[in-house]
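>>> Next comes the sequence, and after it the predicted model I'd like to discuss.
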Amino acid sequence: MTVDVLIEDDRWTALERLAAVAVPAALAETVDGGLAWEVAVLGCDDARIATLNADFRGKPRPTNVLSWPSAERAPEVPGELPPPPDTHDPELGDIAIAFETCAREASEQGKTFDAHVIHLLVHATLHLLGYDHETEADALRMESLEVKILKELGLPDPYADA
């Protein structure tokens, strides 16, 4: 498994370490984590992610994390498991994460920065695998998986006080 991290904002001093925890944990829980999957993570600032959010989602404002799956992997029926990715095409997709928004959210929610970033990277990795939260059934499946992965990493349920 390869997690390529590109740092555009120097404040992301811990991003490589956090991505090396979060991405493999999400993959190990959902697909064969030992295969040669590839994920790229961009550590950027709010200005950069606002541009990406505008370009790709038509929402010209900062957000915490964005993901771009390399292929459509969503299940055909809401609430069902997404189909596994093609093992002959190990590239799963790209993730961008914004420092200021993550820091602000962690502070507002009374969470450590590291725990919040790990949660967001797990969340984004699950998006790369076809999980989403567009329907209640999909949201329940995705959130319960996130909680399970984070618990295995010794982190609290991010939705407990949400």
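Everything's here; your move. Everything numeric in this text was worked out from a predicted model, so none of it was measured.

>>> Asp114 versus the nearest residue in space to Arg57 that is not next to it in sequence, what's the distance?
In this structure, Arg57 finds its nearest non-sequential neighbour in Leu66, 7.6 Å apart by CB to CB, 6 or more residues apart in numbering. To be clear about C-beta, it is placed using only N, CA and C from the backbone, and glycine gets the same treatment. As judged by CB to CB, to the nearest Å, Leu66 and Asp114 stand 20 Å apart.

>>> Ile97 now?
In terms of CB to CB, Ile97 sits 13 Å off from Asp114.

>>> quick revisit: right, and the secondary structure at the residue nearest to Arg57 would be what?
Secondary structure, DSSP: H, G, I helix; E, B strand; the rest coil: Leu66 is strand.

>>> In terms of neighbours, single out the busier of Leu66 and Asp114.
Legend: neighbour count by other CB atoms under 10 Å for Leu66 and Asp114, higher for Leu66 (20 against 15).

>>> in the sheet, who's paired with the more buried one?
Leu66 forms beta bridges with Ala96, as assigned by DSSP bridges.

>>> Ala124 is in contact with that one, correct?
Yes - applying CB atoms under 8 Å, one finds Leu66 in contact with Ala124, separated by 7.5 Å.

>>> anything in contact with each of these two?
Both Leu66 and Ala124 are in contact with Ile95, Ile97, where contact means CB atoms under 8 Å, 6 or more residues apart in numbering.

>>> need the next SSE after the helix or strand containing Leu121, C-terminal direction.
Under the criterion of DSSP states H and E, Leu121 resides in helix 113-128. Counting by DSSP H and E, the next helix or strand C-terminal to helix 113-128 is helix 136-152.

>>> List the buried residues of that next one.
Asp138, Arg141, Met142, Glu143, Leu145, Glu146, Val147, Ile149, Leu150 (16 or more other CB atoms under 10 Å).
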